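[1] Here is my input; please provide its structure:
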Amino acid sequence: MLLTNLKGGLGNQMFQYATGRYISVKSDVELYLDTNWFSKKEILNSDTKRKFKLDKFNIKGKISNPDQARQIKYP
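    Numbering: from 1, shown residues only. Sure thing, here's the model as predicted:
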């Protein structure tokens, strides 16, 4: 299982997804996408609030729920 943390605008999302997808294919593991950043109410001063846009494309990855992301990040 590979978790890719997505944030930023569409270009950043596409790059982050492509990197995660490449590693998941090479490692033969399932890809999960952490989209929790898009639902945060408070964003750091250096970040601009964006919307998750990859759902408009035919991506191969499952959206993780907050509990899955937490378990992987903090086992």
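[2] those helices in the chain, which residues are they?
    In the chain, the helices defined using DSSP state H lie at 10-27, 66-73.
[3] between those helices, which gets the lowest average pLDDT?
    Lowest mean pLDDT within the helices of the chain: helix 66-73, a mean of 76.
[4] next one: that helix to chain centre, how far?
    12 Å (CA atoms, centre = their mean, to the nearest Å).
[5] Check stretch 62-75 too.
    Mean-position distance between stretch 62-75 and its chain equals 11 Å (CA atoms, centre = their mean).
[6] Stretch 11-22 too?
    That offset, for stretch 11-22, works out to 8 Å (CA atoms, centre = their mean).
[7] and if you look at stretch 15-28?
    The answer for stretch 15-28 is 11 Å, by CA atoms, centre = their mean.
[8] try stretch 53-60
    Counting by CA atoms, centre = their mean, stretch 53-60 comes out at 11 Å from the chain centroid.
[9] swap in stretch 20-35?
    With CA atoms, centre = their mean, you get 10 Å for stretch 20-35.
[10] now stretch 35-45
    With CA atoms, centre = their mean, you get 13 Å for stretch 35-45.
[11] got it, and stretch 52-66?
    8 Å.
[12] can I get the CA coordinates of it in CSV?
    Coordinates of each C-alpha in stretch 52-66 appear next as CSV, following Å, rounded to 0.1, in the frame of the first residue of the first chain:
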residue,chain,number,x,y,z
PHE,A,52,-9.4,18.5,-5.6
LYS,A,53,-9.5,18.2,-9.4
LEU,A,54,-8.1,14.8,-10.2
ASP,A,55,-11.5,13.2,-9.9
LYS,A,56,-12.3,14.6,-13.3
PHE,A,57,-9.6,12.3,-14.8
ASN,A,58,-9.4,8.5,-15.2
ILE,A,59,-7.0,8.0,-12.4
LYS,A,60,-6.0,4.6,-10.9
GLY,A,61,-5.9,5.1,-7.2
LYS,A,62,-8.3,4.9,-4.3
ILE,A,63,-9.2,7.9,-2.1
SER,A,64,-8.1,7.1,1.5
ASN,A,65,-10.3,8.0,4.4
PRO,A,66,-8.8,10.0,7.3
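[13] Can you list the buried residues in that stretch?
    By neighbour count with 16 or more other CB atoms under 10 Å, stretch 52-66 contains the buried residues 52, 54, 59, 61, 63-64. Quick note: C-beta positions are derived from backbone N, CA and C, even for glycine.
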